[in-house]
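Student: Any chance you could fold what I've pasted below:
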Amino acid sequence: MPIMRFLISIFTAGLVLLAGQLHAAIKIKGSVRYQFASGNKSVSFGADRIENDSTSASTGTLMVQLWALNAPHNGGTLSGKVVASYKLDPLLPGTGYPKVNKTVSTSMPGTKKSYHMCLVVAEYRSSGYVTADYRNFSSPAVLGPLPLFTLAGPWKWQTHVQEGTIDISVGKISHNRNGSTGSLKLSAWATSGPYRGGNLQGYQLGLINKAALKQGYSYPSVQGTTKYTAPPPGNYYVSIILSEYSGDSYKVVGWLTGGSPSAFK
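Tutor: I've put the predicted structure just below:
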């Protein structure tokens, strides 16, 4: 009798061990997709269906991830940057999530270049999240760090020569800094060619000073009238330039440039 009980105990322990080794069969089914919002601050991504094909095992918590990789993923350890992710509750055997899609904020790679994009579904197990299924996207995407500042339209400028003033306006000034910005300066510049960044050479037509912005704050609908300084007569491209005080000087952090030159007399 003791021998029989011992054998039963071993059999029961074997069943428990086997049950502990059973895993759900998570599959991505149908098409997959992703779409970045303007400015790449957020992204919508998902799949037609995420399913647990197992008839006996439930899943752990699921994590849907969008990865930026140097090469298409072919199994093994993922090496790259998780651009965005969201969690889904565990799935019972034979169940699934149809039309999976969420919009979440992004965490961009530190280097701007072309990346291979991959949708990954990971499952939480005792050792952490483990890749359960994945899909590579056919087309790469050029990604990089988000700009620290954003100037949004509509924007315009208007000189009043007789009054010696200029109107400057932009739709919004926002920033992505983890803390407060430095003091800001919004100015209108006349340049010989369209300004696209780098060394700023030309004539400053006028400027508006703005106080520093705290984290999470922005300036909506910025409008101001300030002293106008005329450039030498000629045709110039006019740009609205945003500068931030850093260290001991102002540095250009954003700009909006017109597509055609304007005549100045």
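Student: can you pull out the strands in the stretch 101-250 of the chain?
Tutor: Along the stretch 101-250 of the chain, counting by DSSP state E, counting those that start in this stretch, strands occupy 113-125, 128-136, 141-143, 149-152, 156-160, 165-175, 184-191, 203-210, 219-227, 234-246, 249-257.
Student: tell me the most buried of those?
Tutor: Highest mean neighbour count among these (mean count of other C-beta atoms under 10 Å): strand 184-191, with a mean of 22. C-beta: built from backbone N, CA, C; applies to glycine.
Student: Out of the strands of the stretch 101-250 of the chain, the one nearest residue 64 is which?
Tutor: strand 113-125 (5.7 Å; C-beta to C-beta).
Student: Could you tell me the angle between that closest one and strand 128-136?
Tutor: 140 degrees (axes from the mean of the first three to the mean of the last three C-alpha atoms, to 10 degrees).
Student: sorry, back to before: with respect to residue 45, which of the strands of the stretch 101-250 of the chain lies nearest?
Tutor: For the strands of the stretch 101-250 of the chain, proximity to residue 45 was assessed by C-beta to C-beta; strand 113-125 is nearest, at 6.5 Å.
Student: Near residue 192, how many other residues are there?
Tutor: 13 (other C-beta atoms under 10 Å).
Student: close enough to count as contact, it and residue 237?
Tutor: Yes. Applying C-beta atoms under 8 Å as the test, residue 192 and residue 237 come out as touching, 7.4 Å apart.
Student: Of all the strands of the stretch 101-250 of the chain, which one is nearest residue 31?
Tutor: strand 128-136 (8.8 Å).
Student: Show the average pLDDT along the closest one.
Tutor: Mean pLDDT, computed over strand 128-136, is 97.
Student: ditto for stretch 47-61
Tutor: Stretch 47-61 comes out at a mean pLDDT of 96.
Student: Now do it: distance from first to last residue.
Tutor: One end of stretch 47-61 sits 17 Å from the other (C-alpha to C-alpha, to the nearest Å).
Student: Ok, which of the strands of the stretch 101-250 of the chain comes nearest residue 44?
Tutor: Checked against C-beta to C-beta, the stretch from the strands of the stretch 101-250 of the chain lying closest is strand 113-125, at 12.0 Å.
Student: helices or strands next to the closest one in the packing?
Tutor: Secondary-structure packing of strand 113-125 (3 or more C-beta pairs under 8 Å, 6 or more residues apart in numbering; DSSP states H and E): strand 26-36, strand 42-52, strand 62-69, strand 80-88, strand 128-136, strand 141-143.
Student: Checking residue 39 next. Helix, strand or coil?
Tutor: helix (DSSP: H, G, I helix; E, B strand; the rest coil).
Student: so who does the closest residue to it other than its chain neighbours touch?
Tutor: Leaving out its chain neighbours, the residue that sits closest to residue 39 by C-beta to C-beta, 6 or more residues apart in numbering is residue 150, at 6.3 Å. Residue 150 makes contact with 39, 172-176, 254, according to C-beta atoms under 8 Å, 6 or more residues apart in numbering.
Student: That concludes my questions; thank you for your assistance.
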